[in-house]
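>>> can you look at this prediction? I've put the sequence above it.
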Amino acid sequence: MTKEAALSGFAKWRRDIADSIYEEISAMMSGHFIPYHKLCFMAAFLTALIFSILFTQMGVIEAPVAVVDLDHSARSAKFIQAVDSSRDIRIASVFHTPVDPVYLTRHDNVVGVIVIPKGFEKGLLNGTTPYNIGYEADMGNPAQNGEVFESLNQIAAQEGIPVNAENLQALGPASAQSSGSSGLTVSIRRLFNPTNSLVPVTIAGFLYFFSGIFFGITTLMLTGRVHVMGQWENAILNRGPSAMIARLIPYALGYTAAVTIMTAGLVLFNCMPFKGNYLAYLPSLFMLPFSIGLIAMLITWSFKTPANGASFMIFVVPPGFIMGGMTMAMGELTGTGWYFAHLFPLTWQYSMYRDFAFRGMTLSQMIGPYGEYILYVTALMMLVTLRFYLERRRLLRIRDRQVAALAQVPGEAA
C-alpha cells in the first residue's frame, strides 16, 4: 500500500468516526429520540440534590423500638430512659403486659422489641452473675438493626456495671477486683430471619424491582405509542378517562401473573419465605404495576414519541427500591423523607410484602394498610383523570379554531 493510499484510508477512517458521532448528537438533539444530553444532567442533579437533602441527618438515626416492660420497676424505667436518650434508638411505645413482638413490628411500626422480664430489678440488685434482657429484632431488613444491636449492648454495659460493682463490693475485696464486668447483657432473637441471611430479602427486592423496571419502560412509552399510531384524538375526544386508564390493565395482569409464578417457585424451593395468605396479598400486587403505570402516564402525557418516555424510568421505579426498606433502614427516613418515599409505588408494596410474607399478617389485620394503599392509587387515578379532561379541553379548542377557520374561507372567496 502506498503512502498516499494509507493517508487516504486514515482520513476516511477519521471522517467516518466524526460523521458517526455527529449523527448521534443530531439524533439526541432532534426531539425524536431520548434527549440524553438533558437527561444525564437532570438525573445526576436531582439524585444528588434529593438524596443529599433526605439523608442529611443519616449520622443520627433514631430507630423506633417498642418495649415490653414486665418488671415495671424504677430500675427498668431508668433503663428505658437510657435507651430513649441514646443516639440511635427512639422508644416508640412501652407496654407493661405481654404483647406478641410480631404484632408490634407490623406495618414497619418498629424495628424491634425490647423485653424486660419480671424480676429485672431484683435480679440486678441481688445477683452476681450477668442478667439478661431480650431484644426481638425485625430482620425483614437486616440493615435496620445494626446500630440498635451496638447501642443496646453499650447501654446494657453502662447500666449494669454500677449495680454489679455494688454487689461485688459487698462480697469483699477479692470480688471487687472484677467490678468492671457488667451485670446486664442483651439476648437477641432474630424474627423472620433466624440465620440473618440476606438471600430472602435480596431476592424479593430484586424480583419486584427488575420486573418493575421492564413494566415501567413499557408503560412510559404507552402514551407516545398512542400518539404515533394516530389514536390519541380518538382516545381523548370519543372515549372517557376510564378507557385511557384501562390500557394499563393487560400489562398489570401480566406483571402480576409473572411475579406470582416466580414467587411460587421460589417459595417451593425455600428461596423466599411467605407465611401469610397469598390470595389476600394478591390485590396489592396488582396495585403495584397499576400505580406505576398511572405515574408513567402522568409523566409522559404530552410526549409525542415512545422513546422520550422511556428515558424517565429513573424517576418512577428506582426511588421506591432505594427508600422502600429492602436495601436501607426505613428509620433513616424521618419527617419529610418518610412522606417523600411514599410517593413511589415500590415503597408501599415492599411494606405490604413484609407484613404478609415475613410477619404472616391476615387480611383483617391489613385493612388499614390496604385502605391507605387504595387511597394512594385513587389519588393517582384522579390526577390522570384531571389530566385527561384538560387535554380534552385543549383538543376541543383546537378543533373549534379549525372549524371557525374553515367557515371563514367561503366568505373570503366571495
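Cool, got the structure.

>>> C-alpha from now on. contacts and neighbour counts both.
Noted.

>>> give me the residue at the spatial middle of the protein.
Nearest to the mean C-alpha position of the chain, counting by C-alpha atoms, centre = their mean, stands Gly324 at 1.6 Å.

>>> that one reaches Tyr353, doesn't it?
No: assessed by C-alpha atoms under 8 Å, Gly324 is found out of contact with Tyr353, at 10.8 Å.

>>> list of residues touching stretch 295-307?
The contact list for stretch 295-307 (C-alpha atoms under 8 Å, 6 or more residues apart in numbering) reads 32-34, 216, 219-225, 227-228, 308-309, 312, 316, 380, 383-384, 387.

>>> show me just the buried residues among these.
33-34, 216, 219-225, 227, 308-309, 312, 316, 380, 384, 387 (16 or more other C-alpha atoms under 10 Å).

>>> any idea how far Gly134 is from Lys118?
With the distance defined as C-alpha to C-alpha, to the nearest Å, Gly134 ends up 12 Å from Lys118.

>>> show me the shaky parts of the stretch 301-414 of the chain.
Counting by pLDDT under 70, the stretch 301-414 of the chain contains low-confidence ranges at 328-335, 409-414.

>>> what about the helices in the stretch 151-300 of the chain?
Assigned by DSSP state H, counting those that start in this stretch, the helices in the stretch 151-300 of the chain fall at 173-176, 199-220, 222-228, 232-237, 241-246, 249-268, 278-300.

>>> looking at those helices, which is closest to Leu395?
Shortest distance between Leu395 and these, using C-alpha to C-alpha, is found for helix 232-237: 7.5 Å.

>>> put the alpha carbons of the closest one into CSV.
What follows is helix 232-237, C-alpha atoms only, in CSV (Å, rounded to 0.1, in the frame of the first residue of the first chain):
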residue,chain,number,x,y,z
TRP,A,232,-54.7,10.0,20.5
GLU,A,233,-57.5,12.3,19.5
ASN,A,234,-60.0,9.4,19.3
ALA,A,235,-59.0,8.2,22.7
ILE,A,236,-59.4,11.7,24.2
LEU,A,237,-62.4,13.1,22.3
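
>>> pretty sure Ile89 contacts Val65?
Yes: using C-alpha under 8 Å, Ile89 is in contact with Val65, at 6.7 Å.

>>> what about the helices in the stretch 1-150 of the chain?
Under DSSP H, counting those that start in this stretch, the stretch 1-150 of the chain gives helices at 3-28, 36-54, 74-84, 101-104, 120-126, 146-171.

>>> could you tell me the least trusted of the ones you listed?
Note on those: helix 36-54 shows the lowest mean pLDDT, a mean of 63.

>>> for Phe344, which non-adjacent residue is closest in space?
Once flanking residues are discounted, Phe344 sits nearest to Gly320: 5.1 Å by C-alpha to C-alpha, 6 or more residues apart in numbering.

>>> correct me if wrong: the one you found contacts Ser351.
No: the pair Gly320 / Ser351 is not scored as a contact, 10.9 Å apart, by C-alpha under 8 Å.
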